[in-house]
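S.K.: Predicted model follows, preceded by the sequence.
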Amino acid sequence: SFCCGSHHTCALRGGELVSGTPDFTNSGDVDGLSLCWGREYVQQTDAPDDERFVQVSCGGTFTCGLTFDEQVRCWGGIGGGLRGRFVQVSSGIDHACAVSLLGHVSCIGRNSRGESSPPDPETTLGDGERFVQVSAGKAHLCAL
């Protein structure tokens, strides 16, 4: 997994570090350590070294990651994370949203245009249907 934000990039480390550069060629050997680089504004490139991730998603000045134990942890301009257990996370410019194990969407961050106000699956989907994926944009969110 890798992502590009407004001024930074993050990727999950796979294999060995070669001459100080991450080697992402061996995707079967990912250890979950997030490596981030780029222009530093608000610690969005300071990935936590005490956590391992299965997915990372970059926003404008922040990054969120999905941990091995299904938690969402964010660093940089949006600190903290989301409560609950999740299967996928997506970051927009100033917000991030994630799909829970139960198929609900939870968000953190700016909500000036409703981008952090996800729809309720009970009222927007058919009986028993749940969300499986989200994609956050600049000031909007789409859910599948």
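M.R.: Structure received. Numbering: from 1, shown residues only.

S.K.: for the protein, which strand is longest?
M.R.: Criterion DSSP state E: the longest strand present in the chain is strand 30-38.

S.K.: Point out the other elements, helices or strands, that it touches.
M.R.: strand 8-14, strand 53-58, strand 62-67 (3 or more C-beta pairs under 8 Å, 6 or more residues apart in numbering; DSSP states H and E). The way it works is simple: take the backbone N, C-alpha and C, and place the C-beta from them, glycine included.

S.K.: Which residues are in contact with residue 59?
M.R.: Contacts for residue 59 (C-beta atoms under 8 Å, 6 or more residues apart in numbering) come out as 5-6, 44, 76-78, 91-96, 109, 136.

S.K.: and stretch 57-66, how far apart are its ends?
M.R.: 9 Å (C-alpha to C-alpha, to the nearest Å).

S.K.: Over to stretch 107-124?
M.R.: OK, stretch 107-124 end separation, C-alpha to C-alpha: 17 Å.

S.K.: One more: stretch 78-88?
M.R.: The first residue of stretch 78-88 is 17 Å away from its last residue (C-alpha to C-alpha).

S.K.: in it, what's buried?
M.R.: 78, 81, 82, 86, 87, 88 (16 or more other C-beta atoms under 10 Å).

S.K.: No further queries at this time; thank you.
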